[in-house]
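In: Kindly generate the corresponding structure for this input.
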Amino acid sequence: MSLSFNLSEEQEALRALAHEFAENEIRPVAPHHDETGEYPWDVLRKAHELGLMNTHIPEDCGGLALSNVDSLLIAEELAWGCSGIGTAIEANGLAQAPVILGASDFLKQKYLAPMTETLSMCAYGVTEPGAGSDVQGMKTTAVKHGDKYVLNGNKMWITNAGVADWYFVVALTDPDKKARGGMTAFIVERSWDGVTVGKKEENLGQRASDTRGITFEDVEVPAENVVGVEGDGWKLAMAAFDHTRPAVACASVGVARAAMEHARQYSTERRTFGTAIANHQAVAFMIAEMAMNIEAGRLLCWQAADLKDQGKRNTMQASMAKAFCADMAMKVCTDAVQVFGGYGYSKEYPVEKLMRDAKIFQIYEGTSQIQRLIISRELFVRGR
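Out: Just a heads-up that it's a prediction; the model follows:
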């Protein structure tokens, strides 16, 4: 049997739809949202109408139940348009993933099904001020009292926190056990008493995305809002990444591709020493390197997503894709600024924004260093 990298007609149509949306709806407004930090509600409404949001919600909840590979096609094109707006659109998927994987039918129908009908947002609430890469350093607690849990603690750097209707939250229910059965996942509604959302963070890049802290003070969470069973929080939170990291990695491919395209076009227009700079080997090789690594990164993403779609373990491949593509996107965007020279350093040209946007890919959903830790553990501990 031959190995094929061909997409189906449906997948080609999906990618074309996402690209057209990015070109016509995202790129024209991206500079405004980058400058102001305004949340892109109008773009999200259009994306929701077209079916470019909430794509993994199961069919029995009214969703499309698209594959992981399908999600990569959308993520790359949306990020090609603007990764800040793309993150605003795609962040729902991270919060939904552990709910899809482990929640009761009751919770899925209550919280996922309505999102297919009307535009609403959710957020993944795991990171804390002192627990980013070290999730086991979590301090947020949930203490059971009768048929409720009382939640106390703080979450930080939560994408969509200020616009979400509900959060997927992980808290300690047995501090002694921590990740080994001591963390429990909940769905927490933003409107509940005791939930306080902080100010919008002024970030370096992806400024259209809404990033904030959340404080929980004696928040009463019904026991029916436990996702999975008590003690499953760590497992569900980490399992979600096997689904979402390939898509985030492919979004960084979209950013890199945009930067490469701008650099390639500029190199044919800018002239030095009597010829276009594309004819100088120093510049041509930089752009060739960009194209080569973009292709390699995309294939890593496709491999990781395809393994998960086959029901196979993809933890190492998801981390490989995430680390490689994040680092690659940062280098491609930095080199694109270099190709533009002094113009690249100016906000009047597009590569300055792309370079700022690219940096976060090396940080969120697990830093590039954490991905290497995961890969090394897979190699040396699991012997893969």
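In: Can you name the residues that contact the residue lying closest to C61 once chain neighbours are set aside?
Out: The shortest distance from C61 to any residue that is not its chain neighbour, by CB to CB, 6 or more residues apart in numbering, is 4.2 Å, and that residue is A113. Bear in mind the C-beta positions are built from the backbone N, C-alpha and C, glycine included. Contact criterion CB atoms under 8 Å, 6 or more residues apart in numbering gives 57, 61-63 as the residues in contact with A113.
In: now do 10 Å
Out: The neighbourhood of A113, defined by CB atoms under 10 Å, 6 or more residues apart in numbering, consists of 57-58, 60-63.
In: In three-state terms, label it for me.
Out: helix (DSSP: H, G, I helix; E, B strand; the rest coil).
In: now, among the contacts of A113, which is nearest to D210?
Out: The shortest separation between D210 and any of the contacts of A113 is 21.2 Å, and it belongs to I57 (by CB to CB).
In: Quick check: phi and psi at the closest one.
Out: Torsion angles at I57 (phi, psi; degrees, to the nearest 10) stand at phi -60, psi 130.
In: just the one 5 residues further on next, same as before
Out: Reported as degrees, to the nearest 10, the phi and psi values for G62 are phi 90, psi 10.
In: How about the one 4 residues further on?
Out: Main-chain torsions, L66, degrees, to the nearest 10: phi -70, psi 160.
In: For it, give me its contacts.
Out: For L66, the contact set (CB under 10 Å, 6+ apart) comprises 10-11, 14, 51, 54-57, 73-74.
In: of those residues, buried ones?
Out: Restricting those to buried positions leaves 11, 14, 54-57, 73-74, with burial counted as 16 or more other CB atoms under 10 Å.
In: Closest one of those to V283?
Out: Ranking the buried ones among the contacts of L66 by separation from V283, with CB to CB as the measure, puts L73 on top at 30.6 Å.
In: what's the spacing between the residue nearest the centre of the chain and P175?
Out: When the chain is reduced to its mean C-alpha position, the nearest residue by CA atoms, centre = their mean turns out to be V248, at 4.3 Å. In this view, V248 and P175 are 30 Å apart by CB to CB, to the nearest Å.
In: go on, K148?
Out: Shown here: K148 relative to P175, a distance of 19 Å by CB to CB.
In: who has more neighbours, these two?
Out: Just comparing K148 and P175: by other CB atoms under 10 Å the higher neighbour count belongs to K148, 16 against 11.
In: Grab the nearest non-local neighbour of that one.
Out: E220 (4.8 Å).
In: how deep is P114 tucked in, by neighbour count?
Out: Using other CB under 10 Å, the number of residues around P114 comes to 13.
In: same question, Y124
Out: Taking other CB under 10 Å as the neighbour definition, Y124 ends up with a count of 29.
In: what would the contacts of L66 look like in JSON lines with distance to G84, pLDDT and secondary structure?
Out: Formatted as JSON lines, those follow (distance: CB to CB, whole Å; pLDDT from 0 to 100; DSSP: H, G, I helix; E, B strand; the rest coil):
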{"residue": "E10", "distance to G84": "28", "pLDDT": "97", "secondary structure": "helix"}
{"residue": "Q11", "distance to G84": "25", "pLDDT": "97", "secondary structure": "helix"}
{"residue": "L14", "distance to G84": "22", "pLDDT": "98", "secondary structure": "helix"}
{"residue": "G51", "distance to G84": "21", "pLDDT": "97", "secondary structure": "coil"}
{"residue": "N54", "distance to G84": "19", "pLDDT": "97", "secondary structure": "coil"}
{"residue": "T55", "distance to G84": "19", "pLDDT": "97", "secondary structure": "coil"}
{"residue": "H56", "distance to G84": "22", "pLDDT": "97", "secondary structure": "coil"}
{"residue": "I57", "distance to G84": "23", "pLDDT": "98", "secondary structure": "coil"}
{"residue": "L73", "distance to G84": "20", "pLDDT": "98", "secondary structure": "helix"}
{"residue": "I74", "distance to G84": "16", "pLDDT": "98", "secondary structure": "helix"}
